[in-house]
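J.: with the input below, show me the fold.
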Amino acid sequence: MRGGGSLVAALVAAGTLAGCTGVPKAATSVPSAADTPYACPEPASAPLPEWARTGFSPPDQPVAHLVSEQGLVVAVPFGWPLRERQPEGRANKVLWVAQRYAGGPMLIEARRQSDTAIVRRELPQGPGPSTIDLPRRGCWRLDLTWSGVHDRIYLRYLGPAD
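T.: Here you go, the predicted structure:
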């Protein structure tokens, strides 16, 4: 599913330093980036971005998908809903479609909204079809790295009986 200049693969926070004046500053009521709730949307059923349509017929058909923050990768969850444990015969299948790909693996660092622990996954062949299992229900922020490109996407995982 790779072709042309784009690869079909099915699927920093800026900080401000305060000057030190020796005077304690009042705590802010504005949440920090770490405290901000994740945005975990449901997949939208719409045509994929034009660069992500290779292999889909007709190419402009509506497909349930999510687009990353920078718009550089699309996740097409064929195993929707994603679950911490799928029933027998189902899997958390995600097709990753990357706008640019120059070879190598895709690395995933996943953080659940309510945790500080990082769950790491690797797709050795890079963006493309995958099974992405994450250990618990919740909204997960996935930091993706492939071919020197970085982007972020959010995926919701339900519990086994939700």
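J.: for this structure, where's the lowest mean pLDDT among helices and strands?
T.: strand 6-7 (a mean of 30; mean pLDDT, DSSP states H and E).
J.: immediately after that one, which helix or strand?
T.: For strand 6-7, the following helix or strand on the C-terminal side (DSSP states H and E) is strand 44-47.
J.: any idea which helix or strand comes after that following strand?
T.: Following strand 44-47 toward the C-terminus (DSSP H and E): strand 62-67.
J.: dump that next one to CSV, keeping only the CA atoms.
T.: Only the C-alpha atoms of strand 62-67 are listed here, as CSV (Å, rounded to 0.1, in the frame of the first residue of the first chain):
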residue,chain,number,x,y,z
PRO,A,62,-16.8,7.8,3.8
VAL,A,63,-14.4,6.0,6.2
ALA,A,64,-14.4,6.2,10.0
HIS,A,65,-11.1,7.7,10.9
LEU,A,66,-9.2,10.1,13.1
VAL,A,67,-6.6,12.7,12.0
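J.: and it, what's buried?
T.: For strand 62-67, the neighbour count (16 or more other C-beta atoms under 10 Å) marks 63, 65-67 as buried. Glycine gets a C-beta too; all of them are placed from N, C-alpha and C.
J.: swap in stretch 52-61?
T.: Going by neighbour count (16+ other C-beta under 10 Å), the buried part of stretch 52-61 is 52-54, 56.
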